[in-house]
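A.B. asks: Sequence and predicted model, in that order:
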Amino acid sequence: TGATSTTSTTSSTSITSNHFNTSTTSNTSVTSFPTSTSFTSFTSSSISSSDCGISKTCVSQPYDCDPSTDSNCFFMAATPLPSGSGFVFELTGRAGGYVSVGFSDDVEM
């Protein structure tokens, strides 16, 4: 976003992704990622909490904030693709560079 570490800006990213294939052998987990993933950046005003619980699953901090109206809202939404082959992720939050999310198959990241 071009922001320095001393300046807070809002970063937003929407990611369209395919399912990941994970296999575990002798305590080693190998994840193969899809060969084609599209990344599209949006402004924070295009990410909203509307349709949460209807067509997408949402997580936010503070609870129940709307990133389209609250610049201090950390927000993630996952919308399944109609084909069932993946999800569209929406991420936004106040950051000096980028926002991210991590996924794990267990309770330990």
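C.D. replies: Everything's here; your move. Numbering: from 1, shown residues only.

A.B. asks: what comes up buried for stretch 50-60?
C.D. replies: Cys52, Lys56, Cys58, Ser60 (16 or more other Cβ atoms under 10 Å). Using the backbone N, CA and C atoms, a C-beta is placed for each residue, glycine as well.

A.B. asks: Sort out for me which of those residues are in strands.
C.D. replies: Judged by DSSP state E, strands contain the following of those: Cys58, Ser60.

A.B. asks: for the buried residues of stretch 50-60, which one is nearest Ala78?
C.D. replies: Lys56 (6.2 Å; Cβ to Cβ).

A.B. asks: and the residue lying closest to the closest one once chain neighbours are set aside, how many neighbours?
C.D. replies: Of all residues not flanking Lys56 in the chain, Thr79 sits nearest, at 4.0 Å (Cβ to Cβ, 6 or more residues apart in numbering). Thr79: 17 surrounding residues under other Cβ atoms under 10 Å.

A.B. asks: what's the spacing between Ser100 and Asp64?
C.D. replies: Per Cβ to Cβ, to the nearest Å, Ser100 is found 22 Å from Asp64.

A.B. asks: related to what we said a few turns ago, max pairwise distance over the buried residues of stretch 50-60: which two?
C.D. replies: Lys56 and Ser60 (12.0 Å).

A.B. asks: quick one: low-confidence parts of this structure?
C.D. replies: Where the chain drops to pLDDT under 70, the residues are 1-45.

A.B. asks: where does Ala78 land in three-state SS?
C.D. replies: The assignment at Ala78 comes out as strand when based on DSSP: H, G, I helix; E, B strand; the rest coil.

A.B. asks: returning to what we had before: thought the residue nearest to Lys56 was touching Ser55?
C.D. replies: Yes - with contact defined as Cβ atoms under 8 Å, Thr79 reaches Ser55; the gap is 6.1 Å.

A.B. asks: quick one, what contacts Ser50?
C.D. replies: Asp66, Ser68 (Cβ atoms under 8 Å, 6 or more residues apart in numbering).

A.B. asks: Do a quick rundown of the strands in this structure.
C.D. replies: Under DSSP E, the chain gives strands at 9-18, 21-25, 28-32, 38-40, 57-61, 74-80, 86-95.
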